[in-house]
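Colleague: Got a predicted structure plus its sequence, pasted below:
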Amino acid sequence: MVYGVDKWGKGLIVVTDEGDIGLRNPLAPDAPAVSLPGILSDLDERGIKSPMVLRVSSYLEHEIAHINESFASAITRTGYKGDYRGVFPIKVNQQAQVIDRIVEFGHKYNYGLEAGSKPELVIALAHRLAKEALIVCNGVKDAEFIQLAILSRKLGFNTVIVLESPKEADTVIEVYKELGIEPLLGVRVKLTNQISGKWEESSGDRSAFGMNTDQLVAVVDKLRDAGLLQCLKLQHSHLGSQVQDVNDVRRAVGEACRYYTELTAEGVPLTHLDLGGGMGVDYTGEKKAAENSINYTVEEYCANVVETVSYAMDEAEVAHPTIVTESGRAVVATSSMLVFNVLESTLYDAPSAPEVAPDDNHLISDLAAVGGYLNAERLQECWNDATFYRNELRALFRRGYIDLRQMARGERIYLNLMARIKALVAAQKGETDVDDQLEKLADIYHCNFSLFQSLPDVWAIDQLHPIVPLQMLNQTPDRRAVLSDITCDSDGKVDKFILADGVSPSLPVHSLPEDQPYHLGVFFVGAYQETLGDLHNLFGDTNVVTIDLRADGGFDLLHEQEGDTISQVMSYVEFDPTDCVAAFRKLVDGAISAGTLKASERKLIIGAYRDSINGYTYYE
Ligand code: PLP
């Protein structure tokens, strides 16, 4: 299978016997996979169109259970004497439908939330968490943030204020003096071990967050002097996201434990060791320490953490702390996918060639003559010759020596030669001379989505997500394509794809069917993408649908969030849609007065403007 679905699909994304992408229910392993194109046509009947983000609630529930139960079994197996308390970092996916479900599914595991800002704390405090669950507050905090966190303790929340700097300790002490309520405190330490990968700057000496040993000691002394040392219960560190190599985890946890045991020796009554986020996702399915992949499973990650902490604490004769992690990506990435339709294609070959006209420039005959000696042994030579003649023709056209129709005949002859070269390459068993150059002939499939809105990390940091056609997978793909989005930005393209045999600059696709839509799916987009997306060209949020996979192989529609309308995105950029309608109406009336528009056309033109303003920002 060229797309490697069995490699990266984690048994959740599969190919059905009918050649569709199917979604398996991990909570009902015997249930048949639900066809994703089937889900889309059902949603289409209900009036919900692509592009859309499809969230699968069962996947979220599964991942939360997976991580919590993996920690629980590592704890039992190792004889670890502390507990595990996960918190979900809200920044990774702040959408209400996601956070509400995480809280619901996590309740039985005392799963909490991590807030990296005041708004995130406000969101966290609007949820009924389990009694033992934590709210961990990271990031830069002002007095208002700290006050709310302290006051929330009165409602039974276990809200931990993680001190990021000595200055923050001063603010906490001031707020404590005003309120007279003891805070629950943490300290963020800066680990010197650095991870490899895209997020290496989140760790090590130069990371922006956390305190060095000198600052740490200063904070401990400040808290002791203020009579607040007994409130310092949690030590925090964060390695960076998508840690590729499990040995980096071991090293960092080992270092974090050194701080923990030293702080304990200083008389700090720590009880919680928070190791931050970082558990990665194997986007490519390669199972190795490489970009977009990881060399460990969830179970291995949990076992490594628990064993390392257990060993370090025993060696220092310190009581086993409650282990806290803030995994975001690993919890939520799998549960969302982006699906969109292909609108049209630009092909870089042609099925037939025109006859050379009698008075055509001789270069056109020369170009056509290449077809006479084109065979499997002379691919490179024919490629070179055809490209030479085509480029010469273009030069003549630019200087005005040949006309548009001659140029068009030349281009088509060239494209037909390329089609024949592609066919000869496809028929070859092994590699050919022109394999690398063929990528220049990949089609462009124009797709109904915005890279900047829906896949910002693909644009910004070369993140790879599995991308695959959702249908016709029992037919051999007959073309290769790069994907271009609907924005007017040449950066809005995808030209790196995860395939069974590695990363490729083009995606095998099928010729676009005439009688049905051709959908592509981008998988594992649940982490970071939704809120990092921007409004380039004013393409707004897509429709978002949350579904649950049923045990009988069907699905339930749990929630629909309609995508932004044009009027919504206009208001994000300071335009008042009502003012715009009024301004447009004025222009229309002006045109009627000037006689360039008939009064009878007024209703039609204003109606068209209003319909647009109330419509979806994507191609409908
Ligand atoms: N905790 C903190 C403090 C973070 O900065 C982050 C993000 O980088 C996370 C948790 C989540 O990390 P991840 O999504 O890699 O698990």
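Modeller: Happy to help now that I have it. Numbering: from 1, shown residues only.

Colleague: element containing the residue lying closest to A376 once chain neighbours are set aside, please.
Modeller: Spatial nearest neighbour of A376, excluding adjacent residues (C-beta to C-beta, 6 or more residues apart in numbering): L424 at 5.1 Å. Yep, even glycine has a C-beta here, placed from its N, CA and C like the rest. Using DSSP states H and E, L424 sits in helix 404-427.

Colleague: top strand in the protein by residue count?
Modeller: In the chain, with assignment by DSSP state E, the single longest strand is strand 336-346.

Colleague: Export only the CA atoms of the next helix or strand after it, formatted as PDB.
Modeller: Next helix or strand after strand 336-346 toward the C-terminus (DSSP H and E): helix 362-373. Taking C-alpha atoms only, helix 362-373 is exported to PDB below (Å, rounded to 0.1, in the frame of the first residue of the first chain):
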ATOM      1  CA  HIS A 362      11.200  24.300 -37.600                       C
ATOM      2  CA  LEU A 363      11.800  24.000 -33.800                       C
ATOM      3  CA  ILE A 364       8.200  22.700 -33.500                       C
ATOM      4  CA  SER A 365       9.000  19.900 -36.000                       C
ATOM      5  CA  ASP A 366      12.300  19.200 -34.200                       C
ATOM      6  CA  LEU A 367      10.300  19.000 -30.900                       C
ATOM      7  CA  ALA A 368       7.800  16.600 -32.500                       C
ATOM      8  CA  ALA A 369      10.600  14.500 -34.000                       C
ATOM      9  CA  VAL A 370      11.800  13.600 -30.400                       C
ATOM     10  CA  GLY A 371       8.700  11.300 -30.300                       C
ATOM     11  CA  GLY A 372      10.200   9.300 -33.100                       C
ATOM     12  CA  TYR A 373      13.200   8.100 -31.100                       C
END
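
Colleague: Checking I444 next. Helix, strand or coil?
Modeller: strand (DSSP: H, G, I helix; E, B strand; the rest coil).

Colleague: Tell me the bridge partners for it.
Modeller: T346, V482 (DSSP bridges).

Colleague: if I pick the residue in the stretch 51-200 of the chain positioned nearest to the ligand, what's in contact with it?
Modeller: Residue nearest to the ligand within the stretch 51-200 of the chain (C-beta to the nearest ligand atom): P89, separated by 4.0 Å. Going by C-beta atoms under 8 Å, 6 or more residues apart in numbering, P89 touches 113-114, 116, 277, 326-328.

Colleague: So which of those reach the ligand?
Modeller: 114, 277, 326-328 (C-beta under 6 Å from any ligand atom).

Colleague: which one of the residues you listed has the most neighbours?
Modeller: Greatest neighbour count in the ones next to the ligand among the contacts of P89, by other C-beta atoms under 10 Å, goes to E114: 32 neighbours.

Colleague: According to the record, where do the domains of this protein fall?
Modeller: Using automatic domain parsing, the domain parsing of the chain gives 5-54+336-346+440-564, 55-335, 362-432, 567-614.

Colleague: Any chance of the ones you listed in JSON lines with mean pLDDT as columns?
Modeller: Shown next, in JSON lines, are those (pLDDT from 0 to 100):
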{"stretch": "domain 5-54+336-346+440-564", "mean pLDDT": "95"}
{"stretch": "domain 55-335", "mean pLDDT": "95"}
{"stretch": "domain 362-432", "mean pLDDT": "95"}
{"stretch": "domain 567-614", "mean pLDDT": "96"}
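
Colleague: could those go into CSV alongside distance to A353?
Modeller: Shown next, in CSV, are those (distance: least, C-beta to C-beta, whole Å):
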stretch, distance to A353
domain 5-54+336-346+440-564, 16
domain 55-335, 40
domain 362-432, 4
domain 567-614, 42
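
Colleague: Tell me which of those lies nearest to E620.
Modeller: domain 5-54+336-346+440-564 (6.9 Å; C-beta to C-beta).

Colleague: Now do the closest one: distance to the chain's middle.
Modeller: Here domain 5-54+336-346+440-564 shows a centroid-to-chain-centroid distance of 12 Å under the convention C-alpha atoms, centre = their mean, to the nearest Å.

Colleague: How far does that domain stretch from one end to the other?
Modeller: 32 Å (C-alpha to C-alpha, to the nearest Å).

Colleague: what does the protein put close to the ligand?
Modeller: 89, 92, 114, 138, 238, 241-242, 276-279, 326-329, 527.

Colleague: Farthest-apart pair in those, please.
Modeller: N138 and Q242 (18.1 Å).

Colleague: ok, and the closest non-adjacent residue to the closest residue to the ligand within the stretch 301-450 of the chain?
Modeller: When distances are taken as C-beta to the nearest ligand atom, the stretch 301-450 of the chain reaches nearest to the ligand at G328, 3.0 Å away. Distances taken as C-beta to C-beta, 6+ apart place V92 nearest to G328, at 3.0 Å, with adjacent residues excluded.

Colleague: about what we covered before: tell me which of the contacts of P89 is nearest to L43?
Modeller: G328 (27.6 Å).

Colleague: how near is that closest one to G526?
Modeller: Separation of G328 from G526 (C-beta to C-beta, to the nearest Å): 10 Å.

Colleague: list the residues that contact both of those two?
Modeller: In contact with both G328 and G526: N93, using C-beta under 8 Å, 6+ apart.

Colleague: so what's A357 up against?
Modeller: So, once contact is read as C-beta under 8 Å, 6+ apart, A357 ends up touching 364, 406, 409.

Colleague: How many residues are close by the residue nearest to A376?
Modeller: With other C-beta under 10 Å as criterion, L424 counts 18.

Colleague: again with the one 5 residues further on
Modeller: Each residue near K429 was counted by other C-beta under 10 Å, and the total is 5.

Colleague: Report the contact partners of D100.
Modeller: So D100 contacts H127 (C-beta under 8 Å, 6+ apart).

Colleague: Buried residues, the strand or helix carrying it. List them.
Modeller: Assigned by DSSP H and E, D100 falls within helix 96-106. For helix 96-106, the neighbour count (16 or more other C-beta atoms under 10 Å) marks 97-99, 101-106 as buried.

Colleague: The following helix or strand past it: partners in the sheet, and parallel or antiparallel?
Modeller: Next along the chain after helix 96-106, taking DSSP H and E as the criterion, comes strand 112-115. With DSSP bridges as the test, strand 112-115 is paired with strand 84-89 (parallel), strand 134-137 (parallel).

Colleague: Tell me which of the ones you listed sits most buried.
Modeller: Highest mean neighbour count among these (mean count of other C-beta atoms under 10 Å): strand 134-137, with a mean of 28.

Colleague: Do a quick rundown of the strands in the stretch 1-150 of the chain.
Modeller: 13-15, 21-23, 34-35, 52-56, 84-89, 112-115, 134-137 (DSSP state E, counting those that start in this stretch).

Colleague: Any chance you could list what contacts the second one?
Modeller: This points to strand 21-23. Outside strand 21-23, the residues touching it (C-beta under 8 Å, 6+ apart) are 5, 12-16, 32-37, 39, 56, 468-471, 473, 521, 549, 555.

Colleague: Show me the strands paired with it, marking each as parallel or antiparallel.
Modeller: In its sheet, and by DSSP bridges, strand 21-23 pairs with strand 13-15 (antiparallel), strand 34-35 (antiparallel).

Colleague: could the ones you listed be laid out in JSON lines, adding mean neighbour count and distance to K287?
Modeller: Listed next are these as JSON lines, based on neighbours: other C-beta atoms under 10 Å; distance: least, C-beta to C-beta, whole Å:
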{"stretch": "strand 13-15", "mean neighbour count": "20", "distance to K287": "16"}
{"stretch": "strand 34-35", "mean neighbour count": "22", "distance to K287": "27"}
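
Colleague: didn't A419 look like it was pressed against A350?
Modeller: Yes - in this structure, A419 is within contact of A350 by C-beta atoms under 8 Å, at 5.9 Å.

Colleague: Quickly find the element holding whichever residue of the stretch 351-500 of the chain sits closest to the ligand.
Modeller: Proximity to the ligand, evaluated over the stretch 351-500 of the chain using C-beta to the nearest ligand atom, is greatest for D457 at 11.8 Å. Using DSSP H and E, the element containing D457 is helix 456-461.

Colleague: tell me the contacts of the residue nearest to A376?
Modeller: 374-376, 379, 432.
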